[in-house]
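Undergrad: Got a predicted structure plus its sequence, pasted below:
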Amino acid sequence: MMSVNKFKIKISDLDNGGYVKIPLGLEFNSFDQAELVNREFVSVEVDKSINPVIDYEKFRFIPINNNGADLETMNYQLNFLNDTNTYNPDSYFSDLGFTNDDLKFRKNNFTKSFMRLNFYDSDIATNQRLISFLSIFCRVTKKDIISSGSGINLPLPANSFKVNFSLSNPIKLPDGFSEGYYIYHYKDEVSFGLPKELFMRAEFNNAKSGEITPFMTSNLPQDISTLNSVMYTKYILTRDDTGFYYNVDDSYSNNVYYSSFTDNGVINDDCTIKLYEIQVT
Amino acid sequence: MDNVKIILNNSRSVERVNKDSFVKISLDNTSRLLPVGDINEIINVGEVFNKERQNSKIYRFNFTINSLFSNVLVNVTGDNSYSTFMGGLFRDRSYPPNGIDLDEDEDLTYKESIETHLIEKDGWFGYYDPDISKVSNCLFYDVNPNRELFSLSPKNNVKNWNLTILYPKSVVSNNLTDDGLRIVFKGSIMFNGREMTIFGTPVKHGLKVGSTVRLKNLQQSIFNVEHQVISLGLANGDDSENYFIIDLNPNLIDLTVNSRMSRIYGGQESKYYYRVFSKIKTKSTFIMENDDYEVYPLAFSKNIYNDIIHQFNMNEDVDISGLVDNLGRPLSEVYFTFIKSDSEGEFSDVKSGLLMPKIDGVEIDLTIPDIRRISNATNSHSFLESGISINDNDFIGDVVEYNKFELKENVLADVWHRFNTNNRDNGGSVRDTVTNVSLSLGNRYEGYMYKAHHLVKIREFSNYIEQGDSSVVDIPDYAEDLGDGRIIWRDLLDIGYNDVNINVLDYPFVNGVHYIHDLFNFQLKRQDPFSEYGLYYKTFPRDGLGSMMGDKVIIKTNNDEC
């Protein structure tokens, strides 16, 4: 139905040059808004449906101390509970049920036992994601060998072989064990001036007994309500224009110790991380 | 709907006049928009990938380096040098050897000592320990410069080689390329029973049979016009890229010190110049820094000469956005560059020159930067650059010819670097303890040389040349305006696009960046292995002389059935 007014003008009325002006203002508007829909909705939704480009490339992070010096060795010292539910100054493989032959012949129960370092993005257990983990297997390295005097070199006996993982710089100390010395993390998550924090929780997987032993950062028995506060060791990943580095935060937990010694005039910097089998009161 | 009658005023009364009347007409629309139905949009994954790929300007380079090094040019004095073989333990053959009494019949002279002990193993010169009292006599010692001074991976944090990525940014010119390419040789040659003139250029001339060439600055100006190339190369066909033949009487032609040639293509004269390479940009810095990469030996990886194969890996992402080459075009190629360090004072400074075959006329012209004739001696040919260091930002890359009608640069010569040990440059002497005669070991100016810049292709230009005029849209800003209304250019092809090339340029695109991997054979050569360039040291104890390969042609006799 038309909703306009009708006018009737006789031809004779216009014979003498009369005219009628009819102002018609018209603003165009497409009827079904197809163009607008395509522009403002479809293309936006299409873009939203395409996954963003994520850089999955990881980079190698080198350990440094609080002064920024490269570390020669990262030591992980595991302390297990003894029969009296206390910690000895050092734990030995014999405490975990390993025999001399296990070490001497590098039996599978020894070489397939490993320490696992789980790295989380948060220390809040209810809201954290596992970012990555490192598996560091038991090995006999050059420093674990003693000379028997008869020309046959054997590993230390199980009751003298500490459950320590000494991870060394593979370039400076190629005779050592370097798996786990570096940390590998996503390149684009660490930018200049914006460090990335990772929270590490450790466990030991014993292939001899099949047991998995979780560790904490305190050598004191914990109440279940305080356990979470001593579960993690904090790693800070940084980068500058010289490279990518990580530092273990010795102010976050009390189990991180930096040391320095001079060998043949060369200063070597080390880091020791002590981990204790979880004990809950 | 209302009916309204409008009557003109003059039809109502003779005294009334017509007036303009306005009627407001409201146009109301009471219809509603139709509801939008289901909208389906198909996303082409291939298109999305290609769009992201073509838009990305970030590159990650990873190269494998198969190096061939040798220490054939031995130090004259100091530890593990020519003077070492004067030592008592090397010469004492009487039993038991004490290294002191050297005048017995069976003892070796200095010459015999060198001939006996100095041996080559996989390209490395050295000796086995002559001390028979040692537990093992199978230890091989390199003479200096030893292999650790050439190693691509740093030793004790000392880099023997610095590596970087460059791109062609600008151009320079000198006496070789100014207003055409230098001609250094003119001779006579018989071709098809007719005496013609053969010309020689220090670098490749870029001509083909039938090409048009313009000669310049010949003594007889009548010949300074365009000619057609009849043939290429010497009479035996050698060096066809450096010699060209023109049907002129050689007896009527004389060169000047400024004689030149230019190739003519479609009436357009080619330009000749050096390209200057500059350090590339990374995501975090405007120019690539020397700690933006790592070089390390590949595990279990050696070549047939037992040289360790290395890997070059960039820690920083290269960002080519905003970079253009010397012709103002988007980057289509970058260069992987090696620069020798002095290895803590062991080696002399690095100088650059051009690799060229042995062309008549070059020897007497010291301005020609022939890399095989550049040394630290007083009669050295001039160099392009000296004291080349990784701290420099610009490096001379190569000599090219560019013709506006072809829109393509043809590389005529590569830049090589040379260096020597300071010990050899400075020379020395050794005293024979038996005869008490001092023997000069000489200043040995022959050094090592290597190709500095290695091409890495990242994009391709089209084979087809586009043509348009000012009315054509989407002409790239690097197009050539020919000045007659025509504008021509080559399109920059998409990565992975096959433009009648046999080898399509295609490389992985993941993580939003391009990954380029390539293998480079990196050879360190000596400057004068066959004593052709005046640098070879011939006096005893002379440097090792190369064994030249001859033509493998066997002509059987008539009666030889085999």
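TA: The structure has been received and is ready for your questions.
Undergrad: Next, count neighbours for the closest residue to chain B within the stretch 101-250 of chain A.
TA: Nearest to chain B, among the residues of the stretch 101-250 of chain A, is A:Thr242, at 5.5 Å (Cβ to the nearest Cβ). (C-beta placed from N, C-alpha, C; glycine too.) A:Thr242 is flanked by 11 other residues according to other Cβ atoms under 10 Å in any protein chain shown.
Undergrad: For B:Phe336, which non-adjacent residue is spatially closest?
TA: B:His454 (4.5 Å; Cβ to Cβ, 6 or more residues apart in numbering or on different chains).
Undergrad: Repeat that for A:Thr213.
TA: A:Phe204 (4.6 Å).
Undergrad: Which helix or which strand is home to the one you found?
TA: Following DSSP states H and E, the helix or strand that holds A:Phe204 is strand A:196-205.
Undergrad: Tell me the strands beside that strand, with direction?
TA: Using DSSP bridges, the strands paired with strand A:196-205 in its sheet are strand A:114-120 (antiparallel), strand A:212-216 (antiparallel), strand A:233-240 (antiparallel).
Undergrad: Could I get the ones you listed in JSON lines, plus columns for mean pLDDT, mean neighbour count and distance to A:Arg60?
TA: Formatted as JSON lines, the strands paired with strand A:196-205 follow (pLDDT from 0 to 100; neighbours: other Cβ atoms under 10 Å in any protein chain shown; distance: least, Cβ to Cβ, whole Å):
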{"stretch": "strand A:114-120", "mean pLDDT": "96", "mean neighbour count": "19", "distance to A:Arg60": "15"}
{"stretch": "strand A:212-216", "mean pLDDT": "96", "mean neighbour count": "18", "distance to A:Arg60": "25"}
{"stretch": "strand A:233-240", "mean pLDDT": "94", "mean neighbour count": "20", "distance to A:Arg60": "11"}
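Undergrad: check whether stretch B:321-331 contacts chain A.
TA: No. Stretch B:321-331 does not reach chain A (Cβ under 8 Å from any Cβ of the partner chain); its nearest approach is 15.4 Å.
Undergrad: Is B:Thr197 in a helix, a strand, or coil?
TA: Taking DSSP: H, G, I helix; E, B strand; the rest coil as the rule, one finds B:Thr197 in the strand state.
Undergrad: what's near enough to touch B:Asp506?
TA: B:Ile495, B:Gly496 (Cβ atoms under 8 Å, 6 or more residues apart in numbering or on different chains).
Undergrad: For it, give its distance to B:Lys457.
TA: According to Cβ to Cβ, to the nearest Å, B:Asp506 and B:Lys457 sit 11 Å apart.
Undergrad: so what pLDDT did the residue of the stretch 101-250 of chain A closest to chain B get?
TA: pLDDT for A:Thr242: 79.
Undergrad: ok, the closest residue to it other than its chain neighbours - how many residues close by?
TA: Nearest residue to A:Thr242, sequence neighbours excluded (Cβ to Cβ, 6+ apart): B:Asp291, at 5.5 Å. By other Cβ under 10 Å, the residues close to B:Asp291 number 11.
Undergrad: Pull out the CA atoms of the strand holding A:Phe204 and give them to me as PDB.
TA: Written as PDB, here are the backbone C-alpha positions of strand A:196-205 (Å, rounded to 0.1, in the frame of the first residue of the first chain):
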ATOM      1  CA  LYS A 196      59.100 -15.900  32.200                       C
ATOM      2  CA  GLU A 197      58.700 -17.700  35.500                       C
ATOM      3  CA  LEU A 198      58.500 -21.400  35.700                       C
ATOM      4  CA  PHE A 199      57.800 -23.400  38.900                       C
ATOM      5  CA  MET A 200      59.600 -26.800  39.200                       C
ATOM      6  CA  ARG A 201      58.300 -29.800  41.100                       C
ATOM      7  CA  ALA A 202      60.600 -32.800  41.200                       C
ATOM      8  CA  GLU A 203      60.100 -36.600  41.600                       C
ATOM      9  CA  PHE A 204      62.400 -39.600  41.400                       C
ATOM     10  CA  ASN A 205      61.300 -42.700  39.500                       C
END
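Undergrad: Many thanks, I have nothing further to ask.
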